[in-house]
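>>> below is the sequence, then the predicted model.
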Amino acid sequence: MTDEAVAKLLEILQQGQLWLASGLETLGLTQVVHGQAAWPFSQRFAAEQLLFDHGQAKRLVWTACASAALLLMALLMICWRKKPLRVLGLLLVSLLVGLCTPWPLWALLFAPTVPTVFHHSAVPLTAHSVVRGQQLYQTHCLECHGPQGDGDGALAQLQPVWPPTLNRSLLWKRFEGELFWSVRHGMHDRHGRITMPAADAHISDEEIWDVLHFVRAQSAGQSLQREGLWPFPVRMPASSVVCGHQQRSSDYWRGQTVRVVFPGAEALREDPRLVTISIGTADGIDCSSTDADTRSLLSILTGQQVHELAGYQLLVDRQGWLRALSRPGSGGWSEDDLVCRTNAAQVELGQPPLQDGLQAVIRRMDAEPVRAVVAGFAH
């Protein structure tokens, strides 16, 4: 079973879960928890299992086909209830289908979960939210999780379980609603011992969402520093931009390629192929952001100190994902500057190679759209 087929199957399954949650909310069968409808079940579908076990995915497809066949035969038996020979024949066929179908291992396809599993952040992803989350992290989380989220804080060794690193795949393997629940209500081991205290008495729900925005941004910056890429897609948080005398959000240019530049030694100029936003005013650039939170945000996302960012440039694709990074003195753009890539290139064959490095990067980004995967599901 191909990766594309598995991804489509997961998308269908996830949509089914969301429809179920929405239907239960409409019927008034769910409670409101932390401002949003709660998932009323103790289990959720564990799609992440199918990502590395395609055999289970195949079994699930066979199960769906067999279930549809059994349902059809059940309807026929109802219609033919006065024709016993036909009903007996269908019963034998149903038994044969049930015995021959490679049913999946159901215990592996479901995972324990929490009422907020499908909650989305109640706080928009903005530069201000990320910076506010950084301040909260330093106050409430740093002593255990460490300054860079590596789980090496001063109090880490005193905990019943050593705090996990926040700089690997942990933040992308779980739904943000599950992460919210863990912070709000704390975590326990199988013996009931507290392994992470609850944040109930310290910060609000909105502040928890701020912290979650920050730890993902920090994880991206640490990955870029240590591995030279963003292994998981990073969305560009919204920030305040001034163009002429008009103030706008950076999200205003969704659907266009955006270049974010820190003025350095090299002269900057507008480029008709994209929107250029200067961090700080620069001659020849119409749109700029002088917001301190935006500087701090980009420092977090790149893993660089603010004073080290002069000459850096970033590209944001049409869907709002950060895709490419050019460092000062690099001599121009090239496809090597793509720090967030998809697995399969889809640039049309037969196109001549481009001498213009920036155009090559833009073409590559457009040909390889990003789809974030959280807990196995595309978002």
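Perfect, I can see it now. Residues are numbered from 1 along each chain as shown.
>>> what are the ranges of the helices in the chain?
With DSSP state H as the criterion, the chain has helices at 3-26, 48-52, 54-79, 84-100, 106-109, 127-140, 142-145, 170-173, 176-185, 205-227, 292-302, 357-367.
>>> so what touches the second one?
Where contact means CB atoms under 8 Å, 6 or more residues apart in numbering, the residues beyond helix 48-52 that reach it are 6, 9-10, 56-57, 60, 108-109, 173, 373, 375-376. No exception for glycine: its C-beta is placed from N, CA and C like everyone else's.
>>> now these in CSV, with pLDDT?
Listed next are the contacts of helix 48-52 as CSV, based on pLDDT from 0 to 100:
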residue, pLDDT
V6, 75
L9, 79
L10, 80
Q56, 84
A57, 84
L60, 86
L108, 83
L109, 85
K173, 79
V373, 71
A375, 68
G376, 65
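>>> give the buried subset of those residues as a ChimeraX selection command.
Selecting only the buried entries of the contacts of helix 48-52 in ChimeraX, with 16 or more other CB atoms under 10 Å as the criterion:
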select :6,9,10,56,57,60,109,173,373,375,376
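>>> before we move on, back to that, out of the helices of the chain, the one nearest V241 is which?
Nearest of those to V241, taken as CB to CB: helix 292-302 at 8.5 Å.
>>> can you spell out which helices and strands pack onto the closest one?
helix 127-140, helix 205-227, strand 275-279 (3 or more CB pairs under 8 Å, 6 or more residues apart in numbering; DSSP states H and E).
>>> show me the one of the ones you listed that comes nearest A21.
A21 lies closest to helix 205-227 among the helices and strands packed on helix 292-302, at 19.3 Å (CB to CB).
>>> show me what that closest one packs onto, helices and strands only.
helix 127-140, helix 170-173, helix 176-185, strand 234-235, helix 292-302.
>>> turn the ones you listed into JSON lines, including distance to L75.
Shown next, in JSON lines, are those (distance: least, CB to CB, whole Å):
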{"stretch": "helix 127-140", "distance to L75": "53"}
{"stretch": "helix 170-173", "distance to L75": "41"}
{"stretch": "helix 176-185", "distance to L75": "38"}
{"stretch": "strand 234-235", "distance to L75": "46"}
{"stretch": "helix 292-302", "distance to L75": "56"}
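>>> which of the ones you listed has the lowest average pLDDT?
Of all the helices and strands packed on helix 205-227, the minimum mean pLDDT falls on helix 170-173 (a mean of 80).
>>> could you dump that helix to PDB, C-alpha only?
What follows is helix 170-173, C-alpha atoms only, in PDB (Å, rounded to 0.1, in the frame of the first residue of the first chain):
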ATOM      1  CA  LEU A 170       7.000  14.500  20.600                       C
ATOM      2  CA  LEU A 171       5.200  17.700  19.800                       C
ATOM      3  CA  TRP A 172       4.100  16.400  16.400                       C
ATOM      4  CA  LYS A 173       3.100  12.900  17.400                       C
END
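>>> circling back to that earlier point, show me which pair in the contacts of helix 48-52 is furthest apart.
Going by CB to CB, the pair spanning the contacts of helix 48-52 furthest: L60 and K173, at 20.0 Å.
>>> give me the neighbour count for P84.
9 (other CB atoms under 10 Å).
>>> can you tell me how far it is from M77?
Relative to M77, P84 is positioned 10 Å away (CB to CB, to the nearest Å).
>>> repeat for P369
47 Å.
>>> looking at these two, which is more packed in?
Taking other CB under 10 Å, P369 and M77 do not tie; M77 has more neighbours (17 against 12).
>>> which residues touch that one?
86-87, 90-91.
>>> so where's the stretch 201-350 of the chain uncertain?
342-350 (pLDDT under 70).
>>> now do the same for L354: its pLDDT.
L354 is assigned 55 on the pLDDT scale.
>>> turn the helices of the chain into CSV, including distance to A265.
Putting the helices of the chain into CSV (distance: least, CB to CB, whole Å) gives the following:
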stretch, distance to A265
helix 3-26, 44
helix 48-52, 45
helix 54-79, 51
helix 84-100, 71
helix 106-109, 56
helix 127-140, 26
helix 142-145, 35
helix 170-173, 36
helix 176-185, 40
helix 205-227, 22
helix 292-302, 18
helix 357-367, 19
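>>> done for today, thanks.
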